[in-house]
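Engineer: One predicted model, sequence on top.
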Amino acid sequence: PQPMSGTREEWLEKDRKYVWHHISPHNDHPMIAVSGEGSWITDQEGTRYLDAMSGLWCVNVGHGREEIAKSAYKQMKTLAYIPMTQSHEPAILLAEKLNEWLEGPYRIFFSNSGSDANEVAFKIARQFHHQNGEPTRHKFISRHRAYHGNSMGALGATGQAARKIKYEPLGVGFSHVPPPYCYRCPFGKSKDSCGLECAAIYEEVIRWEGPETVAAVIMEPVITGGGMIVPPPDYMRTVQDICQRYGVLLIVDEVICGFGRSGQKFGHQNYGVQPDIVTMAKGMTSAYAPLSATAVRSDLYDSFREPGDDSHFRHVNTFGGNPVSCRVALANLEILEREQLVSRAAALGSMLGEKLAPLLQLPPVGDIRLFGFACGIELIEPDGSPAKAENVMKVLAHCKQDGILIGKNGDTVPGFANILTLSPPFVTTEEELDLIAASLFNALGSLHDYQN
Ligand code: PMP
């Protein structure tokens, strides 16, 4: 790749003047990335970093995939755009392929982002009930600590106070239940006394709200962005049973868990549930192009086919499902299949678990939670309470110094800015996992608060 001309300081000066960064708007020292290859990113000064977060949990097939770039180029020259009021070959082929991956049949509505896909899911759920003679079913139930996107409805579903305060009122009709957070069970239970209270609470809440007012439950298979919270094995199945008993739809947000991150094609397949609606984004194109989708069980879709204006789904998205993004998604899925990267992700996840297990001996490490090839490390203070955010930042800085980009989350959940996260590309090698584990070991071992 061509190096950027000019010094880092010159570029930073312009960046500080013109760019509004995401998450940390006042990031005065951002990396200025230039190129990527496999699991590695190179910055403007030629320093290489191991991208142990795949960007924001998305570059699953790794950086620098020439065949994806070629597929985009070819499609742009052939047909760059036609709105999805019409159709085109890449959209049809992709909808067919998604059905294979989802073990359908599902109808696929394309949009641009995970937030978009969830908004579509909410609107479809409400309209579905409307058309089936239950217009009072408008409410949604989600979980505290969950993140479902940045738009008003998706933020309404989000259960993280710090993302919501200042922007309220958000989409209305959302209530939250406690997360299945076994490490500090909100119901005061332990592994031995657990009666899946975190799943049973859905029934209570549906009854308190009035079942005739509840449209859907939305959940990720595991809460990724709000602390890597992995539920007990029977949790999701139990929630689905409750939903079915009360005519409540189950929307599964696979924006992060989908496309192999969980070690299966989709996260919910680990738990034997068949969602009514599935939303997906990031891993669908491995972030090579913006694209998301809302997959709706075909028999639910049928009620949108009734003759007459009333069954129209009033939602259009200009860029959603554009031919280039769909072609990129097809190329990405082809790579995942040909290189068997989903089973590789599962194997890498187990390997990562083994390599990280010794970290549990270190005083700052309270819990290590794995789901497929994604990991959350919960840090604690010497008294067992959640670690201070500054300790998490120290670990991040230490790892960056070692050339390894890891993630953090929980800082939008009051009191829980204590989670380190890992979600490397599926092409990561064992040697690269060793680098990650060694860097974490050193970083966590050198936190001075814990030393005598
Ligand atoms: N759902 C989940 C579970 C997510 O993690 C995210 C983004 N991190 C979204 C939805 C929103 O996706 P986007 O940023 O593409 O709008």
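Structural biologist: The structure has been received and is ready for your questions.

Engineer: Residue 71 contacts residue 333, correct?
Structural biologist: No - using Cβ atoms under 8 Å as the test, residue 71 is too far from residue 333 to be in contact (11.1 Å). Every C-beta, even on glycine, is put in place using the N, C-alpha and C of the backbone.

Engineer: In stretch 195-206, which residues are buried?
Structural biologist: Of all the residues in stretch 195-206, those buried under the rule 16 or more other Cβ atoms under 10 Å are 196-199, 201-203, 205-206.

Engineer: Please apply the same query to stretch 355-371.
Structural biologist: For stretch 355-371, a neighbour-count test (16+ other Cβ under 10 Å) marks 355-356, 359, 363-371 as buried.

Engineer: Report whether it contacts the ligand.
Structural biologist: No - on the criterion Cβ under 6 Å from any ligand atom, stretch 355-371 is out of touch with the ligand, staying 12.6 Å away.

Engineer: Pull the contacting residues for the nearest residue to residue 282 once chain neighbours are set aside.
Structural biologist: In this structure, residue 282 finds its nearest non-sequential neighbour in residue 58, 3.6 Å apart by Cβ to Cβ, 6 or more residues apart in numbering. Applying Cβ atoms under 8 Å, 6 or more residues apart in numbering to residue 58 gives the contacts 282-283, 286-287.

Engineer: hmm, back to that, so which of the buried residues of stretch 195-206 sit within helices?
Structural biologist: Using DSSP state H, the subset of the buried residues of stretch 195-206 located in helices is 197-199, 201-203, 205-206.

Engineer: what about whichever residue of the stretch 101-250 of the chain sits closest to the ligand, neighbour count?
Structural biologist: Of all residues in the stretch 101-250 of the chain, the one sitting closest to the ligand is residue 114 (2.3 Å; Cβ to the nearest ligand atom). Other residues within reach of residue 114, judged by other Cβ atoms under 10 Å, total 26.

Engineer: who's in contact with it?
Structural biologist: Residue 114 touches 148-149, 154, 253, 255, 279-282, 292, counting by Cβ under 8 Å, 6+ apart.

Engineer: Now do the same for residue 60: helix, strand or coil?
Structural biologist: Put simply, residue 60 is coil when judged by DSSP: H, G, I helix; E, B strand; the rest coil.

Engineer: What of residue 147?
Structural biologist: In three-state terms, and counting by three-state DSSP, residue 147 is coil.

Engineer: The helix or strand containing residue 351 packs against which elements?
Structural biologist: Element membership of residue 351, judged by DSSP states H and E, is helix 341-356. Judged by 3 or more Cβ pairs under 8 Å, 6 or more residues apart in numbering; DSSP states H and E, helix 341-356 is in contact with strand 365-371, strand 374-379, helix 430-445.

Engineer: Up against the ligand, what does the chain have?
Structural biologist: Within reach of the ligand by Cβ under 6 Å from any ligand atom, the chain has these residues: 56, 113-115, 118, 147-150, 220, 224-225, 253, 255-256, 281.

Engineer: right, and the helices and strands packed on helix 341-356 - which one's nearest residue 75?
Structural biologist: strand 374-379 (30.6 Å; Cβ to Cβ).

Engineer: ok, and what's touching whichever helix or strand comes after the closest one?
Structural biologist: Where DSSP H and E defines the elements, the next helix or strand beyond strand 374-379 is helix 389-401. Applying Cβ under 8 Å, 6+ apart, the contact partners of helix 389-401 are 49, 52, 364, 379, 405-406, 408, 411, 417-420, 436, 439-440, 442-444, 446-447, 449.

Engineer: just stretch 194-214 next, same as before
Structural biologist: Residues from elsewhere that reach stretch 194-214, judged by Cβ under 8 Å, 6+ apart: 134, 136-141, 175, 177-182, 185-187, 189, 217, 231-232, 234-235, 238-239, 242-243, 245-248.

Engineer: Cool, thanks, talk later.
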